[in-house]
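Asker: Structure for this input, please:
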Amino acid sequence: MRPLPVSRYSDRDGLDTAQVLIVDDSVVARAVIARMIDASDRFSVVGAVGNVAAALEFLGRATVDFILLDIQMPGVDGLTALPSLVAAGRGAKVLIVSSTADEGGAIAVQALALGAAETLIKPAAGALSGRFGSMLVAKLEKLSERPSPMPAAALVRPAPRSDLRPTPESNEAPTRPISSSADYDIVAIGASTGGIHALSQMFRALPAGFRLPIVITQHLPTSFMPYFAAQIALLAGRPCEVAVDRLRIRPGRIVIAPGDAHLKCVKLSDGGAAFRLTHEPVASGCMPSVDPMLGSLADVYGSRMLAIILSGMGRDGAEGARRVHEVGGCVVAQDQQSSVVWGMPGAVAAAGVADAVLPPDAIGRLVASRRRP
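Answerer: Numbering: from 1, shown residues only. Prediction:
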């Protein structure tokens with residue numbers, strides 16, 4: 001199957017279609033998956049190869065929008081090759097389609113950390129049915145969502161906000177005086193699709209001695225969370241735990257929201273803080289949601305918190321980020337170029353509440369500095 005030499009998109013029946021490369025050692029799987037994709041009116045298969053070397057050669061002479069990658073292949077396996085394929089793809093989104101990518105499994109979480117945009121379990125060859133095809137096309141459609149254009153005003157960095165600090169007479173949460181040693185006491189991160197890879201890049205920039213508590217709400221099923229916590233602990237080089245009700249916030253630790261509850265911060269009588277797990281519906285429809293985490297942390301920490309919104313679909317986190325902004329905290333959004341999906345960070349940037357819009361490694365350096373951008 002030859003690549004199209006000029007345009008990034010093929011023109012089939014007058015419609016622009018996103019181009020897909022299939023990398024799978026099974027001839028049957030390649031053929032069946034190609035038929036499923038070509039049956040849609042939004043995607044077309046422009047290449048189907050049986051190993052990593054052929055995929056890299058193909059990407060050296062053609063540009064695609066998506067790479068469907070199997071894990072178990074002769075020679076170099078898909079997981080080992082994933083970083084190289086992400087680089088060679090020059091912005092192509094990698095969807096892992098493999099029988100080993102069990103939902104909640106360590107391989108799936110590791111693939112997401114290495115740069116995969118999504119994972120999908122591939123059934124046995126005899127079970128590659130229409131239902132699987134529908135799920136595959138649905139995944140591709142979600143990853144194709146384009147962000148709304150950001151207004152020009154949102155591209156201007158907000159002015160210093162000393163005049164926006166809450167007054168004692170207002171209903172805003174009280175702020176703490178900024179110390180001479182650092183500008184914030186806690187880091188809160190919200191992410192969804194593409195967020196695990198962004199987190200891995202961000203954590204690489206943090207020094208081993210970084211001790212501020214870090215709180216993460218990542219959109220993942222409950223079954224993923226133990227492996228996600230283990231992966232984050234490995235990446236960050238410090239303990240990471242899935243939150244339980246009444247878990248106290250402590251320095252040097254990372255806490256992640258469970259897959260079936262929101263995290264809400266509450267102030268303790270001794271001056272510390274802890275998390276309560278809640279299950280109320282939220283505007284974004286997400287469970288867990290970034291908004292209640294950020295909003296409650298803003299009410300407790302005021303100007304002494306840093307909120308980070310990484311790659312993800314939708315608008316979850318936009319309202320919470322606005323609350324952080326209102327109480328004088330710092331908000332940073334991932335930039336569009338490095339995001340798998342710029343929905344969540346794009347919504348924050350478009351709202352004009354981001355103090356900075358940066359790639360994950362630069363966000364990590366900012367976090368390490370403990371200073372405002």
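
Asker: Against which helices or strands is the longest helix belonging to the chain packed?
Answerer: Longest helix in the chain by number of residues, with DSSP state H as the criterion: helix 130-143. Secondary-structure packing of helix 130-143 (3 or more CB pairs under 8 Å, 6 or more residues apart in numbering; DSSP states H and E): helix 27-38, strand 66-69, strand 93-98, strand 118-121. In short, each C-beta sits where N, CA and C put it, glycine included.

Asker: buried stuff in the first one?
Answerer: Of the residues in helix 27-38, 29-34, 36-37 count as buried by neighbour count, 16 or more other CB atoms under 10 Å.

Asker: With distance to residue 312 and mean pLDDT added, can I get the helices and strands packed on helix 130-143 in JSON lines?
Answerer: Below are these laid out as JSON lines (distance: least, CB to CB, whole Å; pLDDT from 0 to 100):
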{"stretch": "helix 27-38", "distance to residue 312": "24", "mean pLDDT": "94"}
{"stretch": "strand 66-69", "distance to residue 312": "18", "mean pLDDT": "98"}
{"stretch": "strand 93-98", "distance to residue 312": "14", "mean pLDDT": "96"}
{"stretch": "strand 118-121", "distance to residue 312": "12", "mean pLDDT": "92"}
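
Asker: Relative to residue 351, which of these is closest?
Answerer: strand 93-98 (25.3 Å; CB to CB).

Asker: Whichever helix or strand comes after the closest one relative to strand 93-98, how many degrees between them?
Answerer: Remark: after strand 93-98, the chain's next helix or strand is helix 106-113, criterion DSSP states H and E. Taking axes from the mean of the first three to the mean of the last three CA atoms, to 10 degrees, one finds helix 106-113 and strand 93-98 inclined to each other by 170 degrees.

Asker: what's around residue 310, how many residues?
Answerer: Residue 310 is flanked by 31 other residues according to other CB atoms under 10 Å.

Asker: Is it in contact with residue 189, as I believe?
Answerer: Yes: using CB atoms under 8 Å, residue 310 makes contact with residue 189 at a distance of 6.5 Å.

Asker: Mutual contacts of those two, please.
Answerer: residue 199 (CB atoms under 8 Å, 6 or more residues apart in numbering).

Asker: before we move on, the earlier item: pLDDT on the next helix or strand after the longest helix of the chain, on average?
Answerer: Next helix or strand after helix 130-143 toward the C-terminus (DSSP H and E): strand 186-191. On average, the pLDDT along strand 186-191 is 98.

Asker: Okay, now the sheet partners of strand 186-191, with direction.
Answerer: strand 214-218 (parallel), strand 305-309 (parallel) (DSSP bridges).

Asker: List just the one of those strands that sits closest to residue 283.
Answerer: The closest of these to residue 283 is strand 214-218. By CB to CB, the value is 14.9 Å.

Asker: Residues in contact with whatever helix or strand comes next after the closest one: which ones?
Answerer: The first helix or strand that comes after strand 214-218 along the chain, using DSSP H and E, is helix 225-236. Contacting residues not belonging to helix 225-236 are listed as 104-106, 108-110, 113, 196, 199-200, 203-204, 206, 214, 216, 218, 220, 239-242, 254, 256, 258-259 [CB under 8 Å, 6+ apart].

Asker: Buried ones among those residues?
Answerer: Applying 16+ other CB under 10 Å to these flags 104-105, 108-110, 113, 196, 199-200, 203, 206, 214, 216, 218, 220, 240, 254, 256, 258-259 as buried.

Asker: What distance do you get for residue 305 to residue 138?
Answerer: Distance, residue 305 to residue 138, by CB to CB, to the nearest Å: 36 Å.

Asker: what does residue 262 give?
Answerer: Residue 262 is 26 Å from residue 138, where distance means CB to CB.

Asker: More neighbours: these two, which one.
Answerer: Comparing residue 262 with residue 138 by other CB under 10 Å, the one with more neighbours is residue 262, at 24 against 11.

Asker: What distance do you get for the more buried one to residue 306?
Answerer: 20 Å.

Asker: Residues in contact with the longest strand along the chain: which ones?
Answerer: The residue-count maximum for a strand in the chain (DSSP state E) belongs to strand 15-23. For strand 15-23, the external contacting residues (CB under 8 Å, 6+ apart) are 4, 8-11, 30, 33-34, 37, 41-52, 54-55, 58-59, 62-70, 73, 78, 85, 92, 140, 144.

Asker: what residue ranges in this structure score low on pLDDT?
Answerer: Scanning the chain with the threshold set as pLDDT under 70 gives 1-15, 103-104, 146-181.

Asker: Please report the distance of residue 235 from residue 97.
Answerer: Residue 235 is 25 Å from residue 97, by CB to CB.

Asker: neighbour-wise, which of the two wins?
Answerer: residue 97 (25 against 19).

Asker: Go ahead and list the helix or strand containing residue 64.
Answerer: Under DSSP H and E, no helix or strand contains residue 64.

Asker: Confirm for me that it is in contact with residue 47.
Answerer: Yes: contact criterion CB under 8 Å: residue 64 and residue 47 qualify, at 7.0 Å.
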